[in-house]
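Peer 1: quick one, structure for this:
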Amino acid sequence: MLNFLAISHKDPEIQKALQIREMKMEHQINIFRASFLIIITILDSISMLIFDKSSLMKNPEKFQLFEFIFLVFAVGSIILIHFISKKNKYQPWLKFYTVTFDLSFTFLFGYIFLAVFDLPLPVSPLSFVLIITIIFLFFNMLSVLRSTKAIVIYSGIFSLIVNTIIFQFAEAPSLMPFFYTSSFIIGFTLFNLWVSKHIIDFLIVNKKLNIAYSDLEQANEEITAQRDEIFNQKQKIEKYSKNITDSIKYAKRIQQAALPEISEVNTIFNDYFIFFKPRDIVSGDFYWIKKVNDKIIFTAADCTGHGVPGAFMSMLGISILNEITAEKKDLTAADILNLLRERIKEYLKQTGKEDEAKDGMDISLCILDPEMQKIQFAGANNPLYIVNKDGLTEIKPDRQPIGIYLKEHDFKNNIIDVKKDDKLYLFSDGFVDQFGGESGKKYMIKRFKEFLVSVYNKSMSEQNSLLEKELINWKGNYSQIDDILILGVKI
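Peer 2: Residues are numbered from 1 along each chain as shown. As a prediction, this is how the structure comes out:
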């Protein structure tokens, strides 16, 4: 039964909102009800002082009894409604009780006056009944504020019942006033039904908008919180990134300090270039040039990895080369690579186990004897190119790296006669492996050889500039994929 009386909606939030509104509306109507009762009581008291009503009463004692019962009933109901409507708990029956109370209150008020007072009254019984009917209509109109069809229909039916009883009790001489007032009650009830439907629709739409707005605010708060969190994380990442970048930049300074000074190289070679482009701040490629007695040792190496890991390996390689050449002055190119391999394995604790890191390097190393016009060459996977007017000659390396290798053997020491204006090139694989061109393919070794032959007649500094231009044109919008190192020396 209570479920039938209650407001129902498929959305629990909307149903809850409508129920809360209903209880608030009952509380506000009750405040008006209490005020109305106070005003009537005050006016009745004033009229008792000014006018002598006892002469108009059929039974003054009976009137006082009715008045007492009336006030007790009214005050008790108002207090009950007040406390129930103030509670958070929804009571679906309360609106039916208040409608019953309002119409019964009005009916009893009219009945007491008609039953107790003798004619002639200041107004005729019919006029008084019409006043009571207007009050019925007023309380019937209040039902529309409760916004449910059930209470509007109930209020209309109850108004018709009490209106019929009051007219019968007044013994009106004509039925026309009764029909008119009843028609008004029915008309207002139908109007209230129409209005209540629109009020309910409005309340539902309004609540949906409030819910949507609340959800939007909550979503906005969450987005703002996420944005702030992302901003804070971004700041932290930027801070960490700056610290890491600063550390890498410092590592670059250390690596540059380990590489040969250009001013020193200028005293060793008359005409040369070093085309050196690390992919990151620091490089896994390195060059090393040193004059030992009357001979010049120069090398280009490509360490495992790039960036910081490659840079550490490159500094280890430079350090070992300095150690080897400081200890013995008469080593061949192959001897240097053999010793370099042994010490790399020793320092990295490489024993050949499967789970070990296979770190190491590919390297090409030359020892130039300017007086004898001879070059010693040894290579670990990286060759030597000699370009002259007759074309390009490739001195092939051993197919093994510097580092642990299953089929390792001693490096071969190649001795090559060179002559004036010959140009020697040592390089890593960064240039030839660079993606670019229209098809996004690798530059490849064949194209690199053709390029070196095409620029043979250019000075070494011009060749360096042309290499830069060739790389830019080839790479286009592609990113550099590896460290790039090319060392060119003119005899």
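
Peer 1: how close does residue 342 sit to residue 377?
Peer 2: 20 Å (C-beta to C-beta, to the nearest Å). The C-beta positions use only the backbone N, C-alpha and C, and glycine is treated the same way.

Peer 1: neighbour count for the two, which is higher?
Peer 2: Neighbours were counted for residue 342 and for residue 377 using other C-beta atoms under 10 Å; residue 377 has more, 25 against 13.

Peer 1: helices of the stretch 351-491 of the chain, start to end?
Peer 2: Applying DSSP state H, counting those that start in this stretch to the stretch 351-491 of the chain gives helices spanning 445-454, 460-475.

Peer 1: residues making contact with stretch 452-468?
Peer 2: Stretch 452-468 has contacts (C-beta atoms under 8 Å, 6 or more residues apart in numbering) with 271-275, 385, 387-389, 391-392, 423, 425, 431, 451, 486, 488-490.

Peer 1: circling back to that earlier point, of all the helices of the stretch 351-491 of the chain, which lies closest to residue 146?
Peer 2: helix 460-475 (78.6 Å; C-beta to C-beta).

Peer 1: buried set for that closest one?
Peer 2: Buried residues in helix 460-475, counted by 16 or more other C-beta atoms under 10 Å: 460, 463-464, 467, 470-471, 474-475.

Peer 1: circling back: now, of the contacts of stretch 452-468, which are buried?
Peer 2: Buried among those by 16+ other C-beta under 10 Å: 272-275, 385, 387-388, 392, 423, 425, 431, 451, 486, 488-490.

Peer 1: what about the longest helix seen in the chain, distance to the chain center?
Peer 2: Longest helix in the chain by number of residues (criterion: DSSP state H): helix 176-258. Here helix 176-258 is found 14 Å from its chain centre; the criterion is C-alpha atoms, centre = their mean, to the nearest Å.

Peer 1: average pLDDT across it?
Peer 2: Mean pLDDT, computed over helix 176-258, is 83.

Peer 1: which helices and strands does that helix pack with?
Peer 2: helix 12-50, helix 125-142, helix 149-170, helix 307-327 (3 or more C-beta pairs under 8 Å, 6 or more residues apart in numbering; DSSP states H and E).

Peer 1: what about residue 338, how many neighbours?
Peer 2: With other C-beta under 10 Å as criterion, residue 338 counts 20.

Peer 1: tell me if I am right that it is in a strand.
Peer 2: No: under DSSP: H, G, I helix; E, B strand; the rest coil, residue 338 falls outside any strand and is assigned helix.

Peer 1: give the contact list for it.
Peer 2: Per C-beta under 8 Å, 6+ apart, neighbours of residue 338: 410-411.

Peer 1: nearest residue to the middle of the chain?
Peer 2: residue 226 (5.2 Å; C-alpha atoms, centre = their mean).

Peer 1: any idea how far residue 217 is from that residue?
Peer 2: Distance from residue 226 to residue 217, by C-beta to C-beta: 15 Å.

Peer 1: ok so, going back, from the contacts of stretch 452-468, which land in strands?
Peer 2: 272-275, 385, 387-388, 391-392, 423, 425, 486, 488-490 (DSSP state E).

Peer 1: closest one of these to residue 288?
Peer 2: residue 274 (11.1 Å).

Peer 1: dig out what that closest one forms beta bridges with.
Peer 2: Judged by DSSP bridges, the bridge partners of residue 274 are residue 487.

Peer 1: wait, isn't it in contact with residue 484?
Peer 2: No: look at residue 274 against residue 484 with C-beta atoms under 8 Å: they stay out of range, at 11.1 Å.

Peer 1: report the contact partners of the closest residue to residue 393 other than its chain neighbours.
Peer 2: Residue nearest to residue 393 in three dimensions, not counting chain neighbours: residue 386, with 4.5 Å by C-beta to C-beta, 6 or more residues apart in numbering. Each residue near residue 386 by C-beta under 8 Å, 6+ apart is listed here: 392-395, 416, 418, 422-425.

Peer 1: run the last query once more with 6 Å
Peer 2: Counting by C-beta atoms under 6 Å, 6 or more residues apart in numbering, residue 386 makes contact with 393, 422, 424.

Peer 1: could you list the low-pLDDT ranges of the stretch 351-491 of the chain?
Peer 2: Judged against pLDDT under 70, the stretch 351-491 of the chain has no low-scoring part.
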